[in-house]
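Peer 1: Give me a 3D structure for the following:
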Amino acid sequence: MDTRTLVNQALKRAMKDKAAQRVSTLRLINAAIKDKEIAARAEDGEIALGDSEVLAILGKMTKQRNESARAYEEASRLDLAERELEEIAIIEEFLPKQLDADEVRAAVKAAVTESGAASIRDMGKVMGALKAKFTGQMDFGKVGPMVKDELCKDGGC
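Peer 2: Sure, this is the predicted structure:
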């Protein structure tokens, strides 16, 4: 079952359970997906988003909320930070399990080997392979430097 269907089923359940915070967050997810579909339709006429695109949206929503929660904590607005963290927990229910540091390193090494990357110029090829396989399972902002290190360790820089 695709992620979008799971979100819609969870929304129906939350509405029946009268869970206001959950309903609100699930509606935000649906709105973000709809916005992306409308933008895609305007660009190339594509109507439905694939599961990987939906997972990318969820990952972005989680990252935004983490940044907001950190800002709220720094401003001593713990009530708002707590709300952001609650939203993150709801969004993460629909994301695949995050890879741990060792799994990420192994995936980077495998992607470098499989793509035949030999230098830093091949970084895009490696990142593309990782995004195709592991969307929603790793933070690509943190993976980029790891890919660079892997490509540079054999003198490819």
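
Peer 1: Skip the chain neighbours and tell me the closest residue to G144.
Peer 2: Nearest-residue entry for G144: M127, 6.9 Å, with adjacent residues in sequence omitted and distances by Cβ to Cβ, 6 or more residues apart in numbering. Every residue, glycine included, has its C-beta placed from N, CA and C.

Peer 1: Name all residues that make contact with that neighbour.
Peer 2: Residues near M127 by Cβ atoms under 8 Å, 6 or more residues apart in numbering: F140, V143, G144, V147.

Peer 1: pLDDT score assigned to the third one?
Peer 2: You'll see G144 listed with a pLDDT of 89.

Peer 1: count of residues packed around it?
Peer 2: Using other Cβ atoms under 10 Å, G144 has 15 other residues around it.

Peer 1: where does it land in three-state SS?
Peer 2: helix (DSSP: H, G, I helix; E, B strand; the rest coil).

Peer 1: contacts for the helix or strand harbouring K60?
Peer 2: For K60, the host element (DSSP states H and E) is helix 51-74. For helix 51-74, the external contacting residues (Cβ under 8 Å, 6+ apart) are 2-4, 28-29, 32-33, 36, 49, 78, 80-81, 84-85, 87-88, 91-92, 94-96, 132, 135-136, 139.

Peer 1: Next, work out how far apart the residue nearest the centre of the chain and G50 are.
Peer 2: Nearest to the mean C-alpha position of the chain, by Cα atoms, centre = their mean, lies G59 at 2.1 Å. Distance of G59 to G50, given as Cβ to Cβ, to the nearest Å: 14 Å.

Peer 1: Secondary structure element for the nearest residue to A48 once chain neighbours are set aside, which one?
Peer 2: Using Cβ to Cβ, 6+ apart and skipping the chain neighbours, the partner closest in space to A48 is E37 (6.9 Å). Using DSSP H and E, E37 maps to helix 20-44.

Peer 1: Now that helix: average pLDDT?
Peer 2: When pLDDT is averaged over helix 20-44, the result is 90.

Peer 1: and if you look at stretch 148-155?
Peer 2: 80.

Peer 1: Is K36 in contact with L49, as I believe?
Peer 2: Yes - the pair K36 / L49 is scored as a contact, 6.0 Å apart, by Cβ atoms under 8 Å.

Peer 1: Neighbour count: the two, which is higher?
Peer 2: Higher neighbour count among K36 and L49: L49, with 19 against 16, using other Cβ under 10 Å.
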